[in-house]
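Asker: Curious how this folds, go ahead:
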Amino acid sequence: MKIFYEKDSHPQFLSGKTIAIIGYGSQGHAHANNLKDAGHKVVVGLQPGSKSGAKAVNAGMDVKTPAAAAASADIVMMLVPDEVCPPRL
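Answerer: This is a model prediction of the structure:
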């Protein structure tokens, strides 16, 4: 097993990129807030009326629909529960 540490990362690869986080639950909010706190541009994709919408807005996130967030981003992270993510064959 190879273990990676902070010294192994290359944050410059994210510099100037917009990162879309689709979902703002247990994983999405942690990723979005860490990236935002690190100075990256983050947009959160949520369905209209999502229970997490107010939390994301209160955290200072730019919230859009999932499609709009993905279209505006250079990098997309899907962090939604398996049961709401449509299967792809």
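
Asker: what about the protein, any weak spots by pLDDT?
Answerer: Residues of the chain meeting the criterion pLDDT under 70: 86, 88-89.

Asker: can you pull out the helices in the chain?
Answerer: With DSSP state H as the criterion, the chain has helices at 28-37, 53-58, 66-71.

Asker: Return the most buried member of those helices.
Answerer: helix 28-37 (a mean of 17; mean count of other CB atoms under 10 Å). Where you see a C-beta, it was placed from the backbone N, CA and C, and this is true even at glycine.

Asker: got the contact list for that one?
Answerer: Residues outside helix 28-37 that contact it (CB atoms under 8 Å, 6 or more residues apart in numbering) are 14, 19, 21-22, 24, 42, 44, 52, 55-56, 59-61, 77, 79-80.

Asker: what about 6 Å?
Answerer: For helix 28-37, contacts defined as CB atoms under 6 Å, 6 or more residues apart in numbering pick out 19, 21, 42, 44, 79.
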